[in-house]
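Novice: predicted model, plus sequence, below.
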Amino acid sequence: MKKIGMLTSGGDCQALNAAMRGVVKGLSENVDELEVYGFLNGYKGLIYGDYRLLTSADFSGILTKGGTILGSSRQPFKQMRVPDENGLDKVKAMKSTYFKLNLDCLVILGGNGTEKTANLLREEGLNIIHLPKTIDNDIYGTDVTFGFQSAINIATEAIDCIHTTAASHNRVFIVEVMGHKVGWLTLYAGVAGGADIILLPEIPYDVEKVIEAINKRTKAGKGFTILAVAEGAISKEDAALSKKEYKEKVAKRKYPSVSYEIADRIMKETGVEVRVTVPGHTQRGGSPCPYDRVLCTRLGSAAAKAIMDEDYGYMIAMVNGKTKRVPLGEVAGKLKTVDPNCQMIKEAKRIGISFGE
Ligand code: F6P
């Protein structure tokens, strides 16, 4: 008999359901009796004891379904040790739910913040398995996270669509891509979509260099320019500020996001028309792409094996094409960023893509 709890926390993405299906199928095929408790809306469900006892039917037909059948919410790690509005100790409450249900383990699907809380619960004595979810691909210790490839497809399609309209107008187009503080999604979608200029948080940009790149294209007879701009892109000037100063500056910014600020600068300095497109949360939506379905089936199945082995305290990662148990204590709290000197960036530069440096 195995009793497992499961929750999905933080921003959702495609393939959360596919990953949970992998875990439950892997266990139900190999364990005599299985009870699965699904905690609703992330850690909230664990804190307040809000759960559903799930059956295998709940995991049937969900391989291709986007979102999460359990719901999700953001519960910042920093707030976990802070009592709620009624004075409830959240960590104590989560442990109490876990022990009351007599769980063998808790399977937690989420990104960096979620992973930090998962590690905290491990330190508090709970049996934890973490599965790395996020369209941002910024989880340290795994080559890839699920959601990333599906989001690349959507962001690339947005750039593709802009390409056809761009070809009809002499304009500059900016497509703003999600990714929080890292540039993985923008880099991959930018290259896949044939963007001319790619701006990433890891490579602070100089707007004059961006304008130079646009002018170079115009001189070469190209009527339009496409920029893929990460939502976390930052100018050289802003990168030189302290965290506090930068936060204050962003709070006072009159633009909805960095792309609009860049657009304004380009328009003012060149007189060229600039349009901004923000695909936003569409990048997290819809059904998972085949790559993510395979990834999640493998990660889910590998998680089931770890549970059968009663080997807990790991993120189930994908490293060099193989699933791997990576100790949570070694990776929680670390961010995987794009190396500005990596091969892919060098290759992109070689074919003329500007990074605005
Ligand atoms: O972490 C995933 C992500 O989609 C980021 O790319 C983005 O910055 C953030 O979540 C948006 O968060 P929310 O859905 O809370 O607005």
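Specialist: Nice, I can see it. Note that the coordinates shown come from a computational prediction; the quantities given were computed from them, not determined experimentally. Numbering: from 1, shown residues only.

Novice: how about the contacts made by whichever residue of the stretch 201-350 of the chain sits closest to the ligand?
Specialist: Nearest residue of the stretch 201-350 of the chain to the ligand (Cβ to the nearest ligand atom) works out as Arg284 at 5.4 Å. C-beta coordinates here come from the backbone N, C-alpha and C atoms, glycine included. Each residue near Arg284 by Cβ atoms under 8 Å, 6 or more residues apart in numbering is listed here: Gly11, Asp12, Cys13, Gln14, Ile135, Gly147, Ala151, Met178.

Novice: at 10 Å what do you get?
Specialist: 11-14, 66-67, 134-135, 147, 150-151, 154, 178 (Cβ atoms under 10 Å, 6 or more residues apart in numbering).

Novice: how many other residues sit next to the residue in the stretch 101-250 of the chain positioned nearest to the ligand?
Specialist: As assessed by Cβ to the nearest ligand atom, the ligand sits closest to Met178 within the stretch 101-250 of the chain, at 3.5 Å. For Met178, the neighbour count with other Cβ atoms under 10 Å is 23.

Novice: ok, now which ones touch Val144?
Specialist: Pro132, Asn137, Trp184, Tyr291, Asp292, Leu295, Leu299, Ala317, Met318, Val319, Lys336.

Novice: equivalent analysis for Val177, please.
Specialist: 135, 151-152, 154-156, 158-159, 183-190, 193, 195, 198-200, 228-233, 259, 278-280, 283.

Novice: surely Val210 forms part of a helix?
Specialist: Yes: assignment of Val210 by DSSP: H, G, I helix; E, B strand; the rest coil places it within a helix.

Novice: helix, strand or coil for the closest residue to the ligand within the stretch 1-150 of the chain?
Specialist: Among the residues of the stretch 1-150 of the chain, Gly11 lies closest to the ligand, at 3.7 Å counting by Cβ to the nearest ligand atom. At Gly11 the chain is in coil, as set by three-state DSSP.

Novice: what's it sitting at in phi/psi?
Specialist: The phi and psi values for Gly11, taken as degrees, to the nearest 10, are phi -60, psi 140.

Novice: now it: closest residue in space, sequence neighbours ignored.
Specialist: Take Gly11 and drop its neighbours on the chain: the residue closest to it by Cβ to Cβ, 6 or more residues apart in numbering is Arg284, 6.4 Å away.

Novice: same check on Ala166?
Specialist: Spatial nearest neighbour of Ala166, excluding adjacent residues (Cβ to Cβ, 6+ apart): Phe224 at 4.0 Å.

Novice: what sits against the one you found?
Specialist: By Cβ under 10 Å, 6+ apart, the contact list for Phe224 reads 162-163, 165-173, 196, 214, 217-218, 272-273.

Novice: can you rerun that using 7 Å?
Specialist: Phe224 makes contact with Ala166, Ala167, His169, Asn170, Arg171, Val172, Phe173 under the criterion Cβ atoms under 7 Å, 6 or more residues apart in numbering.

Novice: can you narrow these down to the ones near the ligand?
Specialist: By Cβ under 6 Å from any ligand atom, no member of the contacts of Phe224 lies near the ligand.

Novice: thought Ile183 was touching Val338?
Specialist: Small correction: residue 183 is Gly, not Ile. Yes: using Cβ atoms under 7 Å, Gly183 is in contact with Val338, at 4.7 Å.

Novice: and these two? which has more neighbours close in?
Specialist: The neighbour count for Gly183 versus Val338, taken as other Cβ under 10 Å, is higher for Gly183 (31 against 22).

Novice: next one: that one from Ile345, what distance?
Specialist: Going from Gly183 to Ile345 by Cβ to Cβ, to the nearest Å gives 10 Å.

Novice: how confident was the prediction at the residue nearest to Ala166?
Specialist: In this model, Phe224 is scored at 95, pLDDT.

Novice: quick one on the thing from earlier: isn't the residue of the stretch 101-250 of the chain closest to the ligand up against Glu231?
Specialist: Yes: with contacts counted by Cβ under 7 Å, Met178 reaches Glu231, the gap being 5.6 Å.

Novice: which residue is the nearest non-sequential neighbour of Asn17?
Specialist: Asn17's closest residue in space is Ile62 (Cβ to Cβ, 6+ apart), at 4.0 Å.

Novice: please identify which helix or strand holds the one you found.
Specialist: Assessed by DSSP states H and E, Ile62 sits outside every helix and strand.

Novice: distance between the worst-scoring helix or strand of the chain on mean pLDDT and the chain's centre?
Specialist: When each helix and strand of the chain is scored by mean pLDDT, DSSP states H and E, helix 243-252 comes last, with a mean of 92. Computed by Cα atoms, centre = their mean, to the nearest Å, the chain-centroid distance of helix 243-252 equals 24 Å.
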